[in-house]
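# My questions are about this predicted structure, shown below with the sequence.
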Amino acid sequence: MLLLIFCSLLTTLDKNVRVLTQRISKYVVMVVSDEGNATGTIIDRNTVVTAGMFPDKLPVTLITYDDNTIEGVVAGVDEFSGIVVIKTTESFNPPAGIKNPITGQLAIVYGNSLGTLGPVGLGIIHKDKDIYKIIVPLNPGNNGSGVFDMNGRLIGIIGGVMSPMSIRELVSLPKDLSLFYSGNIGIVIPYYHIKVIAGIISKKGSIRRAWLGVSLYERNGKVYIRDVVRGSPAEKGGLKKNDIILYIDRKKITSMEDVASYIKSKKRGDRIKIIVKRKMRKIPLNITLGQAAPPLKYRNLHIKGPETGSLKPQGSPPQGGGK
């Protein structure tokens, strides 16, 4: 009896996935250029986004599910998140988007797998430390693949696949267990984040992100400076190793995430006031933030060149932990 119920559920799921695949196929395109190939996901009437290493103003060809070709151009790239914004004169019918993905919800990934558009796989959305992930079999060309819920709404796009080191760092998996996840945990850049980034790039062509230049650690509810990057805004502003960060612009600091999220909300050139505790003294410091370097948190799944499947890393590591 249980077997019959299980088989019935699988049959229903199979039918629903087939219908869903047909529906979402119109929202995803292949991105082909001299710099490489990837997947693009439509987010508004004349904008497609992908993720990878495409230079500004690069001409690209978009190939739709029904083999139509559309010419586009890279309007800008956010090196920090890896989002690439492509503009075209074509008028698309974009999907509805989800503002807040739900941990545990079932999702389908649709994209370009080695030159063919189609479903990549089903997976469960998981969030850990503000990073959304999905476990699906990923291949070169899957960067930029659309991640949809079971109603066809856009959750986000695949930004890359996490390395075993990043998995252990972000999920705290033991070394032996993390091997089972190697190459299968896709980073999902959420829809709401994509819309914000694409909007800024469409208007300004680039994004100016802030950088402080310290690495931190926590102990007993306090945030300590482990190291200060030489020549960084932190060093120039007077921060020192072993300082305890108490406040940033009147915001009480109790975790490293407090520091990271606050700096992330700023842009290059902004001035902030940091109060630290140093040898029993409270010291106020005024610091002008610098430009953040792009992180290397996961491998890019952008196919380099029209005929090769080599993986190309996304950006360079941030200095001082990227804060």
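Yes, it's here. Residues are numbered from 1 along each chain as shown.
# Name the nearest residue to Ser145, sequence neighbours excluded.
Gly111 (2.6 Å; Cβ to Cβ, 6 or more residues apart in numbering). (Glycine included, C-beta is placed from N, CA and C.)
# from memory the one you found sits against Tyr27, does it?
No. Using Cβ atoms under 8 Å, Gly111 is not in contact with Tyr27; the gap is 10.7 Å.
# With neighbour numbers in mind, choose between these two.
Neighbour count, other Cβ atoms under 10 Å: between Gly111 and Tyr27, Gly111 has more, with 30 against 23.
# mind checking how far the more buried one is from Arg271?
Gly111 is 42 Å from Arg271, where distance means Cβ to Cβ, to the nearest Å.
# Also Val196?
Distance, Val196 to Arg271, using Cβ to Cβ: 23 Å.
# Please apply the same query to Ile83.
Distance from Ile83 to Arg271, by Cβ to Cβ: 27 Å.
# quick one: which of the two has more around it?
Set Ile83 next to Arg271 and count neighbours by other Cβ under 10 Å: Ile83 wins out with 24 against 12.
# I'd say the more buried one and Ala198 touch.
Yes. Ile83 is in contact with Ala198 according to Cβ under 8 Å; the separation is 7.0 Å.
# neighbours of Ile274, just the number please.
Quick note: Ile274 (other Cβ under 10 Å) scores 24 neighbours.
# Hmm, I typed the wrong one, I wanted Val229.
The burial count for Val229: 20, using other Cβ under 10 Å.
# picking up where we left off before, shared neighbours of Gly111 and Tyr27, which are they?
Gly146 (Cβ atoms under 8 Å, 6 or more residues apart in numbering).
# Give the residues shared as contacts by Ile83 and Ala198.
Residues within reach of Ile83 and of Ala198 at once, by Cβ under 8 Å, 6+ apart, are Val49.
# So the chain: which segments form each domain?
14-207+295-323, 210-291 (automatic domain parsing).
# Give me whichever of those is most buried.
domain 14-207+295-323 (a mean of 19; mean count of other Cβ atoms under 10 Å).
# secondary structure class for the closest residue to Lys127 other than its chain neighbours?
With sequence-adjacent residues excluded and distances taken as Cβ to Cβ, 6+ apart, Lys127 is closest to Thr103, at 4.8 Å. Under DSSP: H, G, I helix; E, B strand; the rest coil, the three-state class of Thr103 is coil.
# Would you confirm that Thr103 contacts Ile134?
No. Assessed by Cβ under 8 Å, Thr103 is found out of contact with Ile134, at 10.9 Å.
# quick one: common contacting residues for those two?
Joint contacts of Thr103 and Ile134 (Cβ under 8 Å, 6+ apart) are 125-126.
# C-terminal to the longest strand seen in the chain, what's the next element?
Ranked by residue count, the top strand of the chain under DSSP state E comes out as strand 116-128. Tracing the chain C-terminally past strand 116-128 and defining elements by DSSP states H and E, one meets strand 131-135 next.
# what pairs with the very next helix or strand once past that following strand, and is each one parallel or antiparallel?
Following the chain from strand 131-135 toward its C-terminal end, the next helix or strand by DSSP H and E is strand 146-149. Applying DSSP bridges, strand 146-149 is found paired with strand 106-113 (antiparallel), strand 154-162 (antiparallel).
# Same list (those) but as TSV, adding mean pLDDT.
Below are the strands paired with strand 146-149 laid out as TSV (pLDDT from 0 to 100):
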stretch	mean pLDDT
strand 106-113	88
strand 154-162	88
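# between these, which gets nearest to Ala75?
Ala75 lies closest to strand 154-162 among those, at 16.1 Å (Cβ to Cβ).
# do you know how far Val60 is from Ala292?
26 Å.
# How about the contacts made by the residue most central in space within the chain?
Nearest to the mean C-alpha position of the chain, by Cα atoms, centre = their mean, lies Ile189 at 3.9 Å. Taking Cβ under 8 Å, 6+ apart, we find Ile189 in contact with 51, 81-83, 132, 156-159.
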